[in-house]
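Undergrad: I need the structure of the sequence given here:
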Amino acid sequence: WGVTFGGSLFFAWSDWPDAPLISSPDGINWSPVDVGAGSQVQVQAMVHGGGQFVGLGYAGPTHSVFMSPDGSEWDTYGLSSAFPAIADLAFGNGTFVGCSPDGRIVSSPDALSWLVVDPPPDALHVPSAVAYGAGRFIAVTSAGNDLAAVVRSECAPACPADFAQAQVGAVANSSAADWL
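TA: Alright, predicted model coming up:
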């Protein structure tokens, strides 16, 4: 599940199969969105970047990319069956970066051609969320209810390889109360 904003629209989704993708111009009134891929659409992550909305998920059993310049007309592109499920997606510096629950990091300059990198064999935690700001991608991992690590990367275009070698920050074992 998640929410993103771009252009003049909010989009919200749930990764439950057949849960609708919904949009809103004001965050109050919501309408279902038909991405044109049939009834078996499952959006796992979405971001607005490079002048378009990009979603990753499934159209039926096929890993897919959903793309739209305006949020109303959508194109769907199939991906390899080896493409990982995606937990989160970000855009920055002309690059889309996503993280997978199994630890793989993906990146793409155009949302069509994706580089997928496996986590290092000695990785203790895998990124579960990613964002872009201040010239870098930041990914976080968690261990139970604690924030386990922050992984920083100033990558482009080799983001997955950068994340595999990135530094782990010193935010280990901070409870949510420490952030309030």
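Undergrad: any idea how far residue 134 is from the most centrally placed residue in the chain?
TA: Central residue of the chain (CA atoms, centre = their mean): residue 89, 1.6 Å from the mean position. Using CB to CB, to the nearest Å, residue 89 is found at 19 Å from residue 134. C-beta here means a position set from N, CA and C on the backbone, and glycine is covered the same way.
Undergrad: One more: residue 45?
TA: 21 Å.
Undergrad: Could you do residue 55 as well?
TA: Taking CB to CB, one finds residue 55 at 25 Å from residue 134.
Undergrad: Check residue 77 too.
TA: Relative to residue 134, residue 77 is positioned 31 Å away (criterion: CB to CB).
Undergrad: hang on, the earlier thing: with neighbour numbers in mind, choose between residue 55 and residue 134.
TA: residue 55 (28 against 7; other CB atoms under 10 Å).
Undergrad: and that one, that's in a strand?
TA: Yes: the assignment for residue 55 is a strand, going by DSSP: H, G, I helix; E, B strand; the rest coil.
Undergrad: Sort out which residues of stretch 56-64 are buried, please.
TA: 56, 57, 58, 59, 62, 63, 64 (16 or more other CB atoms under 10 Å).
Undergrad: Now tabulate these in TSV and tack on distance to residue 71 and pLDDT.
TA: Output for the buried residues of stretch 56-64, formatted as TSV (distance: CB to CB, whole Å; pLDDT from 0 to 100):
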residue	distance to residue 71	pLDDT
56	16	90
57	16	87
58	20	85
59	18	83
62	22	85
63	22	88
64	17	90
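Undergrad: what's the closest of those to residue 21?
TA: residue 57 (9.1 Å; CB to CB).
Undergrad: My read is that that closest one contacts residue 21, right?
TA: No: contact between residue 57 and residue 21 fails when scored by CB atoms under 8 Å: they sit 9.1 Å apart.
Undergrad: Helix or strand, whichever it is, which one in the protein has the lowest mean pLDDT?
TA: Ranked by mean pLDDT, DSSP states H and E, the helix or strand of the chain with the weakest confidence is helix 159-165, at a mean of 48.
Undergrad: which stretches of the chain have low pLDDT?
TA: Residues of the chain meeting the criterion pLDDT under 70: 15-19, 37-39, 120-126, 142-180.
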